[in-house]
Structures are given as structure tokens and as C-alpha cells.
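**Student:** give the three-dimensional model of this entry:
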Amino acid sequence: GGNNDPKLEALVGYLLGTHPGINKGWLGFGCILFSQYYDTVRWVGNELAKRDEFSGIDIGLYAGSNRSGFWRNGRFQRCDRNELKTRVRAGEIKLLLGTDAASEGLNLQRLGTLINIDLPWNPTRLEQRKGRIQRIGQVRNEIWIANLRYRDSVEDRVHQVLADRLESIHN
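**Tutor:** Numbers count the residues shown, from 1 in each chain. All right, here's what the predicted structure looks like:
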């Protein structure tokens with residue numbers, strides 16, 4: 001069933017601080033969740049917006065071609081992307097979902113954590129996602145990133161290859 005998606009449960013765990021191995025909810029630090037696919041971020045937003053734990057907050061959706069907006073009290077309403085940027089900067093939106101296409105040039109140093117719902121094949125793109133929050137003016141002295149993937153999946157293998165590649169780039 002859609003509601004038992006393991007990635008959804010994991011990201012809720014990170015946001016609320018109930019995931020094994022973390023002791024503080026990432027929502028408090030501000031979080032952006034990335035996917036390559038609009039349908040994925042839209043679905044995740046809808047699922048989060050249905051949950052009581054997220055009822056009091058606005059969840060932003062930063063996407064291309066007039067598809068941006070935010071959920072408030074379970075309902076999605078469209079708004080301009082610039083409005084989302086302004087509200088993130090002001091600290092009014094602490095949870096943002098974004099697509100790769102939309103994220104070029106986006107500065108989100110108010111958000112201290114990042115969750116990759118899926119992993120792009122291209123390591124540069126992964127670095128670009130990280131670059132959205134790892135900016136001059138980042139309020140935290142470290143940022144936290146979670147890469148969600150199904151164990152033993154193609155994605156798991158991609159992650160391994162990406163990790164190796166990024167390591168050799170940094171070396």
C-alpha cells in the first residue's frame with residue numbers, strides 16, 4: 001500500500017527524530033527533500049500533509065513551470081517560486097520539497113538538512129543538490145544529508161558508484 005512506502009516512513013523518521021540513530025528531528029533544522037521527479041515530490045507532499053504531525057506547518061513545493069506551491073492544513077495551493085524563496089529566507093517555511101530542474105541557483109542556507117528521496121545518476125547533480133544548502137551564510141556549522149535507497153536495488157548500486165566517484169573527485 002502507498003502509505004507503507006519504506007522511503008516515506010524513513011523520511012518521516014528523519015523529520016520527526018524517530019529514525020534509529022538520530023536523536024533530533026531534522027524538521028527543527030529546516031529540511032529540503034529532493035527528487036528527480038515532480039510526481040514523487042508531489043506524492044510525498046500529499047502524504048506528509050495528511051499526517052497530524054505536520055498539520056501546523058506549511059510544506060513548500062519548489063518546482064518548474066508554475067507547479068510550485070505549498071500545503072497548509074492538508075490542502076495544496078499554488079504560489080510563485082519567489083514567494084517560497086522569500087518565506088524560506090524568513091524562516092517561515094522549514095520543510096521544502098524540490099525537483100532538480102527547479103533547483104538551479106536556489107539558495108537555501110536557512111535549511112540545515114537535506115534528504116535525497118532518490119539519487120541522480122550524475123554525481124554533479126548530487127553535488128548541486130548539496131550546494132543548495134551548503135552556502136556562505138549557512139547558519140549551522142555542519143549540514144546533514146540522508147540518501148534514501150532500497151537495499152540491493154539498482155539505486156543502491158548507483159549510490160555505491162556515486163560514492164566511489166565523488167571520493168575519487170575529492171581525492
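
**Student:** against residue 141, how distant is the spatially most central residue of the chain?
**Tutor:** Taking C-alpha atoms, centre = their mean, the centroid of the chain lies closest to residue 33, which sits 0.8 Å from it. According to C-beta to C-beta, to the nearest Å, residue 33 and residue 141 sit 22 Å apart. C-betas here are computed from N, CA, C, even on glycine.

**Student:** what's the strand or helix carrying the residue nearest to the centre of the chain packed up against?
**Tutor:** Element membership of residue 33 [criterion: DSSP states H and E] is strand 31-35. Contact partners of strand 31-35 among helices and strands, from 3 or more C-beta pairs under 8 Å, 6 or more residues apart in numbering; DSSP states H and E: helix 6-16, helix 38-50, strand 95-99, strand 113-116.

**Student:** among those, which comes closest to residue 25?
**Tutor:** Closest to residue 25 of these is helix 6-16 (C-beta to C-beta; 4.8 Å).

**Student:** and the closest one, what does it pack against?
**Tutor:** Against helix 6-16 (3+ C-beta pairs under 8 Å, 6+ apart) you get strand 31-35, helix 38-50, strand 113-116, strand 144-147.

**Student:** returning to what we had before: single out the most deeply packed of the helices and strands packed on strand 31-35.
**Tutor:** strand 95-99 (a mean of 25; mean count of other C-beta atoms under 10 Å).

**Student:** can you state the direction angle for it and helix 38-50?
**Tutor:** Strand 95-99 and helix 38-50 are oriented at 160 degrees to each other (axes from the mean of the first three to the mean of the last three C-alpha atoms, to 10 degrees).

**Student:** before I go, just wanted to say thanks for your time.
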